[in-house]
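Colleague: quick check, what structure comes out for this input:
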Amino acid sequence: MELFQKKKNKKGLLEWKVFPPYDIKSAEKRLRPEDRAHEFATSDSRTEVDDDTRLTSPEIEMVADVNDHILQLSNWHTQITGEAQDVVTGLTEEVDADLGVKKIRSTFRKKVNQSLTKFKYDVDNIYLPLKNAYHRMNAFQLKHCISNHRAAEYPDSLLYHFALIIVMLFVESIVNCIFFAKGSAYGYWGGFMEAILISSANVIISVIAGGFFLRQFNYVEKNMNISSYIKKCSGLVGFICSLVILVFLHLSAAHYRESILRNEGLDVVQTAEIFKYILAHPLELHDLQSFILIILGSGISVFTIWKGYTVDDQFPGYGKVYRTWKLLDEEMAFFRNKLQHEISGHYDDAVDASHEVLGQLKSAKKQLEGIQGKINALLTSCAGHYDQAYNGAVSLLTVFRRTVQQIYNNPKRFCYSDALLRTENGLKKIDFSKSRTDVEGLLLNTIDDFEKMTQNFPAKQDVLLEELENEQIKFLDDAAIDSMIQRVKDRKEKQTADLKG
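Modeller: Residues are numbered from 1 along each chain as shown. Next up is the predicted model:
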């Protein structure tokens, strides 16, 4: 329930609802004390009232109207005091320093346990694949005489690695295009098509020579056999053949260029004659640009062979085995870092929560102080409203009796006195002092309690954070994490042994 209900005024602004005072003028228009006095004084059936200590029937009705208003005032007073007490009680239950500390401690440990459970689950799932990958890597190293635990050498980014090869392909194509365009029947476009075919052949053969044949030449086994030597020698033969093909390709390109410049286009028969001429006279070139073309193509060949050779580890197959283990090992390291990060985050959350508790204590105290002022104003207004209602009853009775006196033409008869309002049918008496004392006392005591909790909380906060920091350090220690991982490994090994048994 809202402590002080609000309403919108005509301007659309929110304002506090207040209990309306007794409207004396409206009551006089509604109850018509003068008219009813005329009726009372001139009625033939009336028995004259000589006792000034009793209320007449019209007066009882008028006093009853005032009592209705006083009853509503009493209900409103009961409501606001009850709501004030509810708010105080609610704040006391919601903002409790000791309960806040216990909740922070409990939440921290709960979150830490959840993180530990998740970490153990992740380690449990990755342990066997990591173990098997590690054994396969060691077995591969042992079989092929690779230095123990040597890291495989391969590019960090294959995309960047091959992008450089593509760049070289286009560079050679553009340069060749310039060289071949003059003699081509289709100009630069024809020259570019011929150039890109030659450049593609150069790059593809170079990549195969370095990425497969040259790396295959590094093949070694601890116990070499015929098949091992065949693999090794085939790599060397393949590499040499690739070099021969590349040399022939570059010489052919240079001779072909010179021929199309001399003959302005070649047919199939002339092209075949060129290849025969190359075999017979490979170095008989007459144009400097032809030598430049050979040097450029050879340089790109060397570069591409090196890129093909370094596309993975120099020993064929080792890069794949090593990466399989490395990815799993990095995943294990990721789980460790994730656990440490989460526990640090839980501690930071606990620190923030402790600051929030202190802020809640200060906010609750401030809120109670604000409520205290509003409650004082409202309870003071209750006494004023009661006095207003009392004055309304006095005014109604005074007008009624004064009119009757004027009709009787006797100011000494039928006089008004305050004793009339204390009769059986008179005005109800309400004492607001006790409830006001209770509410104000509750507010003051609660404000004092929050003030004490605010002053004492920093010491409790220091003790709590020191305790949680010690727990955090315990879980962040590498040795402690290694111990947890080892326990998971031991459990997994035992489960595996039980299944085999």
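Colleague: go ahead and confirm residue 22 touches residue 387.
Modeller: No. Between residue 22 and residue 387 there is no contact under CB atoms under 8 Å: 9.5 Å. In short, each C-beta sits where N, CA and C put it, glycine included.
Colleague: which one's more surrounded, the two?
Modeller: residue 22 (23 against 12; other CB atoms under 10 Å).
Colleague: assumed that one was part of a helix.
Modeller: No. Per DSSP: H, G, I helix; E, B strand; the rest coil, residue 22 lies outside any helix segment and is coil.
Colleague: can you name the residues that contact it?
Modeller: Applying CB atoms under 8 Å, 6 or more residues apart in numbering to residue 22 gives the contacts 66, 69, 385, 388-389, 392.
Colleague: just the residues contacting the helix or strand containing residue 28, thanks.
Modeller: Assigning secondary structure by DSSP states H and E places residue 28 in helix 24-31. By CB under 8 Å, 6+ apart, the surrounding residues in contact with helix 24-31 are 61-62, 65-66, 388, 391-392, 395-396, 399.
Colleague: what's the closest of the residues you listed to residue 454?
Modeller: The shortest approach to residue 454 among these belongs to residue 388, at 41.0 Å (CB to CB).
Colleague: before we move on, the earlier item: what's the average pLDDT for the next helix or strand after the helix holding residue 28?
Modeller: Helices and strands here follow DSSP H and E; after helix 24-31, the next one along the chain is helix 33-42. Taken as a whole, helix 33-42 has an average pLDDT of 88.
Colleague: try stretch 316-332
Modeller: Mean predicted confidence for stretch 316-332 is 91.
Colleague: and that stretch, what's buried?
Modeller: Neighbour-count burial for stretch 316-332 flags 316, 318-319, 321-325, 328, 332 (criterion: 16 or more other CB atoms under 10 Å).
Colleague: check stretch 435-451 too.
Modeller: Across stretch 435-451, burial judged by 16+ other CB under 10 Å covers 435-436, 439, 442-443, 446-447, 449-450.
Colleague: check stretch 298-312 too.
Modeller: With the criterion 16+ other CB under 10 Å, stretch 298-312 contains buried residues 300-301, 303-305, 307-312.
Colleague: ok, the closest residue to residue 120 other than its chain neighbours to residue 338 distance?
Modeller: Once flanking residues are discounted, residue 120 sits nearest to residue 488: 5.6 Å by CB to CB, 6 or more residues apart in numbering. Using CB to CB, to the nearest Å, residue 488 is found at 15 Å from residue 338.
Colleague: for those two, indicate the residue with more neighbours.
Modeller: Comparing residue 488 with residue 338 by other CB under 10 Å, the one with more neighbours is residue 488, at 19 against 14.
Colleague: packing partners for the helix or strand hosting that one?
Modeller: Per DSSP H and E, residue 488 falls inside helix 478-500. Counting contacts by 3 or more CB pairs under 8 Å, 6 or more residues apart in numbering; DSSP states H and E, helix 478-500 is packed against helix 97-143, helix 318-408.
Colleague: could I get these as CSV with distance to residue 203?
Modeller: Formatted as CSV, the helices and strands packed on helix 478-500 follow (distance: least, CB to CB, whole Å):
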stretch, distance to residue 203
helix 97-143, 31
helix 318-408, 22
